[in-house]
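# Just to be clear, the model below is a prediction. Sequence and coordinates:
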Amino acid sequence: MSTAQSLPPPSGAPDAAVVKEWLVGYIAQLLELDRSEVRTNVSMNRYGLDSMSAVSLTGDLGAWLDREVDPRLLYKQKTIDSLADYVAQNHATMPPRRKK
Amino acid sequence: MENTPRNKLSTVAGFAVSFIGTVVAVALAFRWGIGALELGLLALMYALTMTGVTVGYHRYFSHRSFEAHPAVAAALAILGGMAGLGPVIFWASNHRVHHRYTDAPGDPHSPYYWGEEKLGTLRGLWHSHMGWTYRHSVPDSITYSRDLLRSPLFRQLNSLYFVWLALGLALPALLGGLLTWSLEGALRGLLWGGFVRAFVVAQIGLAVGSICHTLGSRPFAIRGHATNNVLVALPTFGEGWHQNHHAFPASAIFGFHWWQVDVGGWVIRGFEALGWVWKVKVPTKESLENRRAGPDEEDWWGTLPAREAKAALPPK
């Protein structure tokens, strides 16, 4: 995966800060931005990430977490902060990743 | 992922509004007549938006078949946005998926397949012309349009789509109003340069996906069932040389013979002469020859089953 990062997959439920770091790294690498340029409290729409990018973003996030992450999650969790918090809180309810 | 409710609503609303606007325009024409103002604004907006779609959305953003000054890229994205066919990165992503899976499962708008389901003739025509605009999945911009996402300018142009769409209605209304110094003129401009134009551009543009994948000639031996159709090529400013395009998607010019009228290609050459665009890609004579269909090969190059069937034939 060309947006793979060196961040190791979490063992067990990750805390929000780790997920946040992953998301910042993902977006920075995707858009060739500096990590410091990626703001976590604004809508990811600001970075051109909308419904079109949901499948890949949640797919790659799911691969890292070894969970199935519903792309439609991003309709509600629009910022990196809220998505990271959601994942940290609801990790246990996410089904394991389907082997494709 | 299934198309979002918002996208579906926008699509239906767009068709409905432009269709109703067209009906109103035609009805009013019985009272007011159709004159130079209506036809002129229709023609002007048609030319501008069709150029935005074929030169901008298609040849530049989807296929990067030439390089352009950022102001030119922006102008093309804006003109294409005025056409009302969706935001530029959305359109380009869908289009790149179409090229990857041409007339096979995964093609968003083929007359032959919807997902794994093989389509009959009538259903296929409906789907590839109109049905797909509602039913297609959300295209994956990270996989297909990373290059476009990486440009802050293109991201911005994409996000302002509804502004461009509104501009496409406001501009002919403003011109109609100014040219006649009347509100009636503004209404006529809006109706003919806005709604009638949008309806016609959409129908003719969609014909590239329906007619130019079913009816016409196939001079090349390639994957998929795209065709060249001169009746579509003229009003679409060259898009109707569609098999040419599927044979050489990176080519900025769609007409490979002098008689294949390609207005979009002429626009690009004109911009090139002005220095506004450069590195205009065209195929070499050798590659054109290499891909030419032999006398028995027409339509053999289609979906995988056709190629497998061909391979299973006894040698000549």
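In hand now; what should we look at?
# okay, how far is it across stretch B:152-165, tip to tip?
Stretch B:152-165 stretches 20 Å from its first residue to its last (CA to CA, to the nearest Å).
# low-confidence ranges in chain B?
Low-confidence segments of chain B, defined by pLDDT under 70: B:295-311, B:313-316.
# Let's see that with 90 instead.
For chain B, applying pLDDT under 90 flags the ranges B:1, B:32, B:221-222, B:289-316.
# tell me the centre residue of it?
B:Gly205 (4.9 Å; CA atoms, centre = their mean).
# Run the contact check for the top helix by length along chain B versus chain A.
Identified as the longest helix of chain B according to DSSP state H is helix B:5-32. Yes: using CB under 8 Å from any CB of the partner chain, helix B:5-32 reaches chain A at B:6-7. Using the backbone N, CA and C atoms, a C-beta is placed for each residue, glycine as well.
# Skip ahead from that helix and say which helix or strand is next.
Counting by DSSP states H and E, the element after helix B:5-32 in chain order, helix or strand, is helix B:36-51.
# Next, the buried residues of that following helix.
For helix B:36-51, a neighbour-count test (16 or more other CB atoms under 10 Å in any protein chain shown) marks B:37-38, B:40-42, B:44-46, B:48-51 as buried.
# and which of these is nearest chain A?
Using CB to the nearest CB, B:Thr49 comes nearest to chain A of these, at 22.6 Å.
# Secondary structure element for B:His257, which one?
With DSSP H and E as criterion, B:His257 is part of no helix or strand.
# At the contact with chain B, which residues of chain A appear?
Selection of chain A residues close to chain B by CB under 8 Å from any CB yields A:3, A:30-32, A:45, A:47-48, A:51-57, A:71-72, A:75.
# okay, whichever strand or helix holds B:Leu288 in CSV with CA atoms only?
Using DSSP H and E, B:Leu288 falls within helix B:285-290. Written as CSV, here are the backbone C-alpha positions of helix B:285-290 (Å, rounded to 0.1, in the frame of the first residue of the first chain):
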residue,chain,number,x,y,z
LYS,B,285,1.9,6.6,-36.6
GLU,B,286,3.5,3.2,-35.6
SER,B,287,1.3,2.8,-32.6
LEU,B,288,-1.8,3.7,-34.6
GLU,B,289,-0.9,1.0,-37.1
ASN,B,290,-0.2,-1.6,-34.4
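# Contacts for it next, please.
Applying CB atoms under 8 Å, 6 or more residues apart in numbering or on different chains, the contact partners of helix B:285-290 are B:248, B:256.
# distance between it and the chain's centre?
A distance of 26 Å separates the centroid of the chain from that of helix B:285-290, by CA atoms, centre = their mean, to the nearest Å.
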